[in-house]
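# with the input below, show me the fold.
(one chain, ligands or ions: 1)
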Amino acid sequence: MAMKFMVINGPNLNMLGKREASIYGNDSLNDIQDYTESTLSKMGHSVQINWFQSNSETEIIDKIQGLVESDFSALIINPAAYSHTSVAILDALKMLSIPIVEVHLSNTHQRETFRQVKLTAKASTIIMEGLGKNAYLFGILTQLNKGN
Ligand code: DQA
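Residues are numbered from 1 along each chain as shown. Below you'll find the model as predicted:
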């Protein structure tokens, strides 16, 4: 059976392509979704990916809670600015028993100091940064090449 992945994207990531292109690139979130899925398929991986984006902390928490006792294999999450501020999202992530891969398109360590605090990363299994549009693809690959 194909592995099922939930990908959650936080605030302002719906504006990718129109937002600080020198940092986040020219691709929209839809472009990144297409790129991720087509590359996985070209590599011969058959996976199911549920993509979700919200600017609302509440909706993100509800989506994470929905993963408790679900049949998803892993969560890939870019909490965006909420990674620096949200104890509530951290608490929700701590309820999960599946692997959590936190991704950031940019390398936040090269940016403002407030971006270097990542509250949500405390619950993450893996953290990947600075990979641009490959963040989601590589995040999923970390879970596919585990030999299980
Ligand atoms: C981001 C980095 C965050 O600091 C920022 O608030 C974002 C995007 C990234 O993908 O690089 O919105 O998570």
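# any weak-confidence spans in this structure?
145, 147-148 (pLDDT under 70).
# so how many other residues sit close to Asp91?
If you count neighbours by other Cβ atoms under 10 Å, Asp91 ends up with 14. In this view, the C-beta of every residue, glycine as well, is placed from N, C-alpha and C.
# got the residues of the chain near the ligand?
12, 78, 80-81, 104-106, 108, 115 (Cβ under 6 Å from any ligand atom).
# show me those residues that map onto strands.
Using DSSP state E, the members of the residues of the chain next to the ligand that fall within strands are 78, 104.
# out of the residues of the chain next to the ligand, flag the one nearest to Lys94.
Nearest to Lys94 among the residues of the chain next to the ligand, counting by Cβ to Cβ, is Asn78 at 18.0 Å.
# quick one: contacts for the closest one?
8-10, 13, 102-105, 135-136 (Cβ atoms under 8 Å, 6 or more residues apart in numbering).
# report the two of these separated the most.
Ile8 and Leu105 (14.3 Å).
# what are the ranges of the strands in the protein?
Secondary structure of the chain by DSSP E: the strands cover 3-9, 47-53, 74-78, 100-104, 126-129.
# for Ile60, which of the ones you listed is the nearest?
Among the strands of the chain, strand 3-9 sits nearest to Ile60 (Cβ to Cβ), with 6.1 Å.
# direction included, what does the closest one pair against?
strand 47-53 (parallel), strand 74-78 (parallel) (DSSP bridges).
# which of the residues in the longest one are buried?
To tie it back to what came earlier, the one meant is strand 47-53. Neighbour-count burial for strand 47-53, counted by 16 or more other Cβ atoms under 10 Å, picks out 47, 49, 51, 53.
# which one of these sits closest to Lys63?
Nearest to Lys63 among the buried residues of strand 47-53, counting by Cβ to Cβ, is Gln53 at 10.0 Å.
# hey, what's the closest one bridged with?
Judged by DSSP bridges, the bridge partners of Gln53 are Asn9.
# wait, it touches Asn12, no?
No. The criterion here is Cβ atoms under 8 Å, and Gln53 misses it with Asn12 at 9.6 Å.
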